[in-house]
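**Q** I would like the atomic coordinates for the input below:
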Amino acid sequence: MMANKTDILICDGNAICHRSIHTTGELKYNGEFTGIKYGFFSQLYMILQKYKPENICFVWDSRSSKRKEIYPSYKEKRSQKKKEQTKEEKIFYGKCFEQFDELYEEILPKIGIKNNYKVKGLEGDDLIASICLNNKGRKVIATSDNDMYQLLNNETVIYDIRKKKEFTKDDFFKEYEIDATEWVNIKCMAGCSSDEVEGIDRVGIDTAIKYLKKQLKEKSKIYQRIVSDKSIEICDRNIKLVKLPFEGTPKIKVEKNKVNFNELKSVFLENGFYSFYEREKFNEWRKLLC
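**A** Presented below is the predicted three-dimensional model:
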């Protein structure tokens with residue numbers, strides 16, 4: 001297998017669209033918001049050019065959450081922030097999320113993308129993990145979510161869409177001086193602030209790593225706190241929340257997409273994405289999505 005060959009590119013649809021909110025979200029065509037769709041295709045084009053994958057998948061978060069059923073505080077602040085939005089913000093974000101749905105429900109199926117997944121109660125992270133576990137070959141995950149670090153191995157790398165930089169299991173080791181397979185245990189102990197999963201009191205990532213590397217003195221207060229019954233209970237609860245994929249996630253076997261370039265052209269024209277429609281650029285789309 002060639003070192004630079006990418007068998008499957010896995011795109012975190014929500015992460016790509018969320019990034020578009022802050023870059024091209026205000027864009028309109030014929031009075032309609034199109035910025036999320038434009039940003040989505042702009043980022044996709046750049047990632048495809050970098051990796052030229054044999055196959056491509058898109059995954060999306062479900063609005064419902066099985067994690068919230070077992071841990072009601074899960075991502076609770078995000079729900080609160082939505083309630084605090086002004087009327088104008090609610091309209092804007094509503095139009096943004098309508099485009100998320102349009103991409104998943106209409107546009108990607110219309111252009112022939114078969115590998116386009118959303119499962120009720122699950123997150124895109126779970127579906128990404130399922131694809132990685134159930135398909136051979138080199139996988140590249142396009143995301144901005146560090147939860148994916150636990151999936152890093154010889155066949156799987158992450159392309160950070162925010163930093164525009166690849167992150168491998170070797171990069172992980174250089175940064176944390178521990179194997180990427182330990183990331184799930186680190187998150188169990190330290191918790192996850194972005195998802196509002198509470199960890200062991202006063203145990204952050206650095207302390208969790210020291211514990212796993214046996215660098216804490218057994219008689220120290222922090223060591224004793226980590227091995228206490230209460231902390232073990234916290235970790236037992238957290239592993240159900242942070243380990244990928246979530247229990248019960250279906251096994252996903254990817255198919256070969258059959259891209260309809262006439263439909264892709266019509267999507268670009270309908271939304272006023274004329275730069276993508278220009279002949280030389282569109283020929284590049286043909287090469288990248290063939």
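**Q** CA only for contacts and neighbour counts going forward, please
**A** OK.
**Q** for the stretch 151-290 of the chain, what spans make up the strands?
**A** 156-160, 165-167, 191-192, 197-198 (DSSP state E, counting those that start in this stretch).
**Q** strands paired with the second one, and their directions?
**A** Spelled out, that is strand 165-167. strand 156-160 (antiparallel) (DSSP bridges).
**Q** related to what we said a few turns ago, for the strands of the stretch 151-290 of the chain, which one ends up most surrounded?
**A** Comparing the strands of the stretch 151-290 of the chain by mean neighbour count (mean count of other C-alpha atoms under 10 Å), strand 191-192 ranks first with a mean of 24.
**Q** so what secondary structure elements neighbour that one?
**A** strand 197-198 (3 or more C-alpha pairs under 8 Å, 6 or more residues apart in numbering; DSSP states H and E).
**Q** now the strand it packs on: how far from the chain's centre is it?
**A** Put simply, strand 197-198 sits 19 Å off its chain's centre (C-alpha atoms, centre = their mean, to the nearest Å).
**Q** Starting from that strand, tell me which strands it pairs with and how they run.
**A** Strand 197-198 is paired, per DSSP bridges, with strand 191-192 (antiparallel).
**Q** ok, residues contacting the strand it pairs with?
**A** 197-200, 204, 238 (C-alpha atoms under 8 Å, 6 or more residues apart in numbering).
**Q** need the strands of the stretch 151-290 of the chain in JSON lines with mean pLDDT, can you?
**A** Below are those laid out as JSON lines (pLDDT from 0 to 100):
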{"stretch": "strand 156-160", "mean pLDDT": "98"}
{"stretch": "strand 165-167", "mean pLDDT": "97"}
{"stretch": "strand 191-192", "mean pLDDT": "94"}
{"stretch": "strand 197-198", "mean pLDDT": "94"}
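**Q** so who does the nearest residue to residue 153 once chain neighbours are set aside touch?
**A** Leaving aside its sequence neighbours, residue 153 sits nearest to residue 169 (C-alpha to C-alpha, 6 or more residues apart in numbering; 5.6 Å). Applying C-alpha under 8 Å, 6+ apart, we find residue 169 in contact with 149, 152-154, 157, 179-180.
**Q** circling back to that earlier point, turn the strands of the stretch 151-290 of the chain into JSON lines, including distance to residue 59.
**A** Below are the strands of the stretch 151-290 of the chain laid out as JSON lines (distance: least, C-alpha to C-alpha, whole Å):
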{"stretch": "strand 156-160", "distance to residue 59": "15"}
{"stretch": "strand 165-167", "distance to residue 59": "19"}
{"stretch": "strand 191-192", "distance to residue 59": "22"}
{"stretch": "strand 197-198", "distance to residue 59": "23"}
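**Q** looking at the ones you listed, which is closest to residue 82?
**A** When the strands of the stretch 151-290 of the chain are compared by C-alpha to C-alpha, strand 197-198 sits nearest residue 82, at 19.1 Å.
**Q** which residues touch the closest one?
**A** By C-alpha under 8 Å, 6+ apart, strand 197-198 touches 73-75, 190-192, 238, 241.
**Q** Quick check: of those residues, which lies closest to residue 222?
**A** Nearest member of the contacts of strand 197-198 to residue 222, counting by C-alpha to C-alpha, is residue 190, at 12.6 Å.
**Q** Relative to residue 183, how far out is that closest one?
**A** Counting by C-alpha to C-alpha, to the nearest Å, the gap from residue 190 to residue 183 is 10 Å.
**Q** pLDDT weak spots in the stretch 1-150 of the chain?
**A** 1-4 (pLDDT under 70).
**Q** All the strands of it, residue numbers only.
**A** Using DSSP E, counting those that start in this stretch, the strands found in the stretch 1-150 of the chain span residues 8-12, 28-29, 32-33, 55-59, 116-117, 139-143.
**Q** residues touching residue 151, list them.
**A** Contacts of residue 151 (C-alpha under 8 Å, 6+ apart): 129, 132, 180-181.
**Q** now the residues you listed: which count as buried?
**A** Buried by 16 or more other C-alpha atoms under 10 Å: 129, 132, 180, out of the contacts of residue 151.
**Q** from those, which ones fall inside helices?
**A** 129, 132 (DSSP state H).
**Q** that older thread, which single one of the contacts of residue 169 is nearest to residue 49?
**A** For these, the nearest to residue 49 is residue 157 (16.5 Å; C-alpha to C-alpha).
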